[in-house]
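[1] this one's sequence-less:
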Ligand code: G3I
């Protein structure tokens, strides 16, 4: 069985606390030698604590998706990515089309760079994603129509083993299956369902456990945040998988929100999955709005970010809160939702927005009353 995430969380908390021993309280696991009078030096000017600093003592990882191209060219981007976050997810670099563009010829370069960045900065990595219907390699979609079920199964199994073994020991949580449900709550009519039937989901988790027994294995989807047909269907499936002994450890709530829609009952939905003895996580948080942003819309964005983090903090088994990129300049939103954007914590010039302050405030209040800590 994989180690319980709290152990990894604690290790990370100690590392961050150690580096901040002079400015933080509540890090008693790192003994600080008492200075003798002649070694006393003036106190350093307290620096503003980051998201990761504030989240560490309460056992929570704060993550971000990373755009590899921007990581390679922007020092400012790297600095924020390292300074604010204690976990990273590859926005695209670990997807099948990125790692196996030609059948049997792997290109791990971008994903390896991200893992190295994470290790240099004491960050954990969420692996995203192994079984999806999008961003499949061209060679696979080209032959999909003529593939037999046996050949499809062999290709999928090989993909899971090859990718997980490449990163073995380096990934904290893997999104093993992503977006298997459509918006109505039916299993999505994709290549995997068509060729392999619904058992592809259980098989994927079993293969994943064999490939890297120490990684936490997640099901990840959007709109699970809202009560309704889709979250009910996912709940029913995951309850059945657990009952059947399928090795699933957690459920990822993507949490792509929009100020035009209602407020999700996220805490309630996360709690019911957690009650199945699963970890839960917010994995792709952002809050988009129609452009240009009005003051009212920004207030709504601030409120939605705050509520989303508060929901995670209220569910004991919520182990991480990840934003889907931290800056409006690299956000996926404008390409997908025409006329919308401004979904992130920083603007396109990498200047912080009130949304960042809101998350810092929620964490600060939680550190003052650390209800997650035992
Ligand atoms: O790599 C090609 C590049 O060669 C080409 O020149 C360029 C021209 O358009 O396209 C590049 O591919 C793009 C890729 O991102 C990498 O930048 C694709 O067109 C584009 O569709 C793709 O979008 C990604 C999207 O997933 C694909 O569905 C977004 O960046 C990424 O943020 C988004 O992430 C998903 C999560 O994985 C799952 N949950 C939803 C989330 C948002 O859609």
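    Here it is on my side, so go on. Everything numeric in this text was worked out from a predicted model, so none of it was measured. Numbers count the residues shown, from 1 in each chain.

[2] contacts, neighbours, all on C-alpha from now
    OK.

[3] residues of the helix or strand encompassing residue 334 that come out buried?
    Per DSSP states H and E: residue 334 is located in helix 333-336. Neighbour-count burial for helix 333-336 flags 333-334 (criterion: 16 or more other Cα atoms under 10 Å).

[4] Quick check: can you name the pairing partners of whichever helix or strand comes after it and their directions?
    Downstream of helix 333-336, the first helix or strand assigned by DSSP H and E is strand 340-341. Looking at strand 340-341 with DSSP bridges, its partner strands are strand 279-290 (antiparallel).

[5] neighbouring contacts of the strand it pairs with?
    Applying Cα atoms under 8 Å, 6 or more residues apart in numbering, the contact partners of strand 279-290 are 64-65, 220, 249-260, 270, 273-274, 297, 301, 304-305, 312, 317-324, 333, 339-344.

[6] Could you check how far whichever residue of the stretch 251-374 of the chain sits closest to the ligand is from residue 343?
    For the stretch 251-374 of the chain and the ligand, the shortest gap (Cα to the nearest ligand atom) falls at residue 332, measuring 4.7 Å. Distance from residue 332 to residue 343, counting by Cα to Cα, to the nearest Å: 9 Å.

[7] Next: residue 287.
    5 Å.

[8] Point to the residue nearest the middle of this protein.
    The centroid of the chain falls nearest to residue 283 when counting by Cα atoms, centre = their mean (3.3 Å).

[9] And the pLDDT at it?
    Note on residue 283: pLDDT of 98.

[10] Equivalent analysis for residue 29, please.
    33.

[11] in which helix or strand would I find residue 118?
    Going by DSSP H and E, residue 118 is in helix 109-120.

[12] next one: that helix to chain centre, how far?
    Its chain's average C-alpha position is 16 Å from that of helix 109-120, according to Cα atoms, centre = their mean, to the nearest Å.

[13] C-terminal to that helix, what's the next element?
    strand 124-131.

[14] partner strands of that following strand, parallel or antiparallel?
    Strand pairing (DSSP bridges) places strand 124-131 next to strand 87-90 (parallel), strand 173-178 (parallel).

[15] what angle sits between that strand and helix 109-120?
    Between strand 124-131 and helix 109-120, the angle comes out at 150 degrees (axes from the mean of the first three to the mean of the last three Cα atoms, to 10 degrees).

[16] so how far is strand 124-131 from its chain's centroid?
    Distance, centroid of strand 124-131 to centroid of chain: 8 Å (Cα atoms, centre = their mean).

[17] Show me which positions of that strand end up buried.
    For strand 124-131, by 16+ other Cα under 10 Å, it's 124-131.

[18] I'd like the mean pLDDT over it, please.
    On average, strand 124-131 scores 98.

[19] Neighbour count: residue 332 and residue 343, which is higher?
    residue 343 (31 against 14; other Cα atoms under 10 Å).

[20] Give me the neighbour count for the nearest residue to that one once chain neighbours are set aside.
    Nearest non-adjacent residue to residue 343, counting by Cα to Cα, 6 or more residues apart in numbering: residue 288, 4.0 Å away. For residue 288, the neighbour count with other Cα under 10 Å is 25.
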